[in-house]
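J.: Below: sequence and its predicted model.
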Amino acid sequence: MPLPPPPSRKADRVDLKKTSRAQPVESQADVATTNVELAAPSPVTSADAAPAPPARPRRTRRRAALAPTTVVDTPPPHAVNATPGPDALAAPALPPRRSASQAPARRRTTTSGRKRLFVLDTNVLMHDPSCLFRFEEHDIFLPMVVLEELDNNKKGMSEVARNARQASRSLDALAASANGDIREGLALAALGNGEATGTLFFQTELLPHALPDDLPQGKADNQILSVVQALKTRYPERDVVLVSKDINMRIKARALGLAAEDYENDKTLDDAEMLYTGTLALPPDFWTRQSKTVESWQQGGHTFYRIAGPVAAQLYLNQFVYYEAPGEPSLYARVVELRGRTAVLRTIKDYSHLKNAVWGVSARNREQNFALNLLMDPEVDFVTLAGTAGTGKTLMALAAGLTQVLDERRYTEIIMTRATVSMGEDIGFLPGTEEEKMGPWMGALDDNLEFLAKGTGAGAGEWGRAATNELIRSRIKVKSMNFMRGRTFLNKYVIIDEAQNLTPKQMKTLITRAGPGTKLVCMGNLAQIDTPYLTEGSSGLTYVVDRFKGWPHGGHVTLARGERSRLADHASDVL
């Protein structure tokens, strides 16, 4: 049985059952609508339709599709007089009919001007349960083996099991909204997702196709490849693309001559080098261009500068700018106000000087100075720090936390957590309470506390150092992320270490725990991601850095230079 045509959607919805079949159609243009594809009278052969490169389901394309489009009015009932044939799925859309006074209707098209048919692998649904609504105007096909694998992975409390259950609920809601036979396809916009104007098809019949003998038919991946091969053979006019997170699956598909793509809609950035760094170097001719328009004044021990021009247009709130030139005084400032094409810069506090040391820790480079200004500012509620190993992320966060908890009493205690993703083989269950189980994961905390306690207890003797360590330990609580749901932190200083191993959903869960008076610090190294299916572009750390840039109460700094040791710095560069 051939694949049925997609139903009409959005403003072009036409009830085919109530349409009169006896009424004639004047011309082929009368049956054309913008979003409803009807079969052309003459068959389309594979030689007539040149293959086009498959479209990637990328975030950049989805954003581009959000441009305002013209909605075409619903055609009169006599515009359709026959039920579309089985080849309607493969036929390209006909141009819309409009009067001379009507404005041309815009249509969202792909590079080849026709809709794709994406076959989803199970791991895509388990990675992002909302992926069904991320393919814009294109159609989706789900093989029956995908539903079987969803059913097999729905049990448990893991993130994969939760995503499988959520995907199944979305499929059930779509099927319930059809109120009919799902073999005709389901409109993805039925649940209110306006961007998804395509159709969801299920495999409702056997699609046999001979694969090479080296590929056993009993394996689920090979069954999906067989479905893709059969769809490509049955509908040569359409671009049938397999979407999978499995690298080997995509390699096998390309070896068989099938189009295969990775699911990239979950990526915040296509290139991690485009990530917002939180700093900007002013051009060498900055003061020359600003000499006639710059305004400056003193207030509260800081110097303020009001600048204008192209530089101000590319700044974000709480972004750090610096000017360094030989023979000229340096400038280190933070953007505190943006209004039109003007920006106000405020000079920062110099934490590299020993008199401004934070719990005995002073900044050793420019980026560390920027980070300490964010960590010590009570108006900044959310701070993200990214950088390679040895840049001082954990040390600065702990030093700033201890100063504000014990000395300034701004917060009541420090809460530290991290993603419990091991780098190698798992050592099994850990004994003890929640805090004892988290002990092996908090080696970085112990190392930095030892360094901080050594500096504050110098000259106090053995008893003094022991009392200092006991006081510090009493104000630091180690918590597991597994028990964070439902909690609310009031007047706490929360540190999330190894945040690069968190998904955007986990990051949202942790950030929304913050109550009044709470400061949250996220740290991580995007080059050390250990979570499967997580990349630099889709990491939760990348996600929050991109979404929080420009927020008046948030800031980010990418630490560039390591200060751990010359051995660690050289290893980071050459290994």
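T.: The structure has been received and is ready for your questions. Worth saying up front: this structure is predicted, and the values here are computed from it rather than measured. Numbers count the residues shown, from 1 in each chain.

J.: for the helix or strand harbouring residue 164, the distance to its chain's centre please.
T.: Residue 164 belongs to helix 159-178 when assigned by DSSP states H and E. Distance of helix 159-178 from the chain centroid (CA atoms, centre = their mean, to the nearest Å) equals 21 Å.

J.: before we move on, what about stretch 228-246?
T.: 27 Å.

J.: what about that stretch, how long is it end to end?
T.: End-to-end distance for stretch 228-246: 15 Å, by CA to CA, to the nearest Å.

J.: on that earlier part again, need the next SSE after the helix holding residue 164, C-terminal direction.
T.: Trace forward from helix 159-178 with DSSP H and E and the next one is strand 186-187.

J.: Render the CA-only coordinates of the helix or strand just after that following strand in CSV, please.
T.: Using DSSP H and E, the helix or strand that follows strand 186-187 in sequence is strand 199-202. Only the C-alpha atoms of strand 199-202 are listed here, as CSV (Å, rounded to 0.1, in the frame of the first residue of the first chain):
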residue,chain,number,x,y,z
THR,A,199,2.9,15.8,8.4
LEU,A,200,3.8,12.8,10.6
PHE,A,201,3.6,9.3,8.9
PHE,A,202,3.7,6.0,10.6
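
J.: Give the other helices and strands that strand 199-202 contacts.
T.: Judged by 3 or more CB pairs under 8 Å, 6 or more residues apart in numbering; DSSP states H and E, the packing partners of strand 199-202 are strand 139-142, strand 186-187. Where C-beta positions appear, they are placed from N, C-alpha and C, glycine not excepted.

J.: which one of those strands has the lowest average pLDDT?
T.: Among these, strand 186-187 carries the lowest mean pLDDT, a mean of 90.

J.: Mind listing the strands it pairs with, and their directions?
T.: strand 199-202 (antiparallel) (DSSP bridges).

J.: what distance separates the helix or strand that comes right after the partner strand from the centre of its chain?
T.: Following strand 199-202 in sequence order, the next helix or strand is helix 220-234 (DSSP H and E). On the basis of CA atoms, centre = their mean, helix 220-234 sits 30 Å off its chain's mean C-alpha point.

J.: Could you list the low-pLDDT ranges of this structure?
T.: Applying pLDDT under 70 to the chain picks out residues 1-113, 180, 268-273, 421-444, 455-465.

J.: in it, which strand has the most residues?
T.: Identified as the longest strand of the chain according to DSSP state E is strand 331-339.

J.: Burial check on the residue nearest to residue 316 when sequence neighbours are not counted, number of neighbours?
T.: Setting aside the residues directly before and after it, residue 316 is nearest to residue 550 in space (CB to CB, 6 or more residues apart in numbering), at 4.2 Å. Residues near residue 550, counting by other CB atoms under 10 Å, number 14.

J.: rewinding a little: can you give the strand pairings for the longest strand of the chain, parallel or anti for each?
T.: Sheet pairing for strand 331-339, assigned by DSSP bridges, gives strand 320-323 (antiparallel), strand 342-347 (antiparallel).

J.: Buried residues in the longest one, which are they?
T.: By neighbour count, and taking 16 or more other CB atoms under 10 Å as the criterion, the buried residues in strand 342-347 are 343-345.

J.: I'd like to know how far the nearest residue to residue 497 once chain neighbours are set aside sits from residue 278.
T.: Nearest non-adjacent residue to residue 497, counting by CB to CB, 6+ apart: residue 418, 4.0 Å away. Here residue 418 is placed at a distance of 22 Å from residue 278 (CB to CB, to the nearest Å).

J.: Assign a three-state SS to residue 349, would you?
T.: When classified by DSSP: H, G, I helix; E, B strand; the rest coil, residue 349 comes out as coil.

J.: Look at it and say how many residues are nearby.
T.: Residue 349 has 16 nearby residues by other CB under 10 Å.

J.: got a list of what it touches?
T.: 356, 373, 376 (CB atoms under 8 Å, 6 or more residues apart in numbering).

J.: Please pick the buried ones from these.
T.: 373, 376.

J.: Point out the ones among the contacts of residue 349 that are inside strands.
T.: Per DSSP E, the contacts of residue 349 never map to strands.

J.: What is the nearest of the contacts of residue 349 to residue 262?
T.: Distance to residue 262, by CB to CB, is smallest for residue 373 among those, at 39.2 Å.

J.: Which residue comes closest to the closest one once chain neighbours are left out?
T.: Residue 373's closest residue in space is residue 348 (CB to CB, 6+ apart), at 4.8 Å.

J.: Dihedrals phi and psi, the one you found?
T.: Note on residue 348: backbone dihedrals following degrees, to the nearest 10 are phi -100, psi 170.

J.: my guess is it meets residue 320, correct?
T.: Yes: shown here, residue 348 and residue 320 form a contact pair, counting by CB atoms under 8 Å, at 7.2 Å.

J.: Quick check: neighbours shared by those two?
T.: In contact with both residue 348 and residue 320: 332-334, 370, 373, using CB under 8 Å, 6+ apart.
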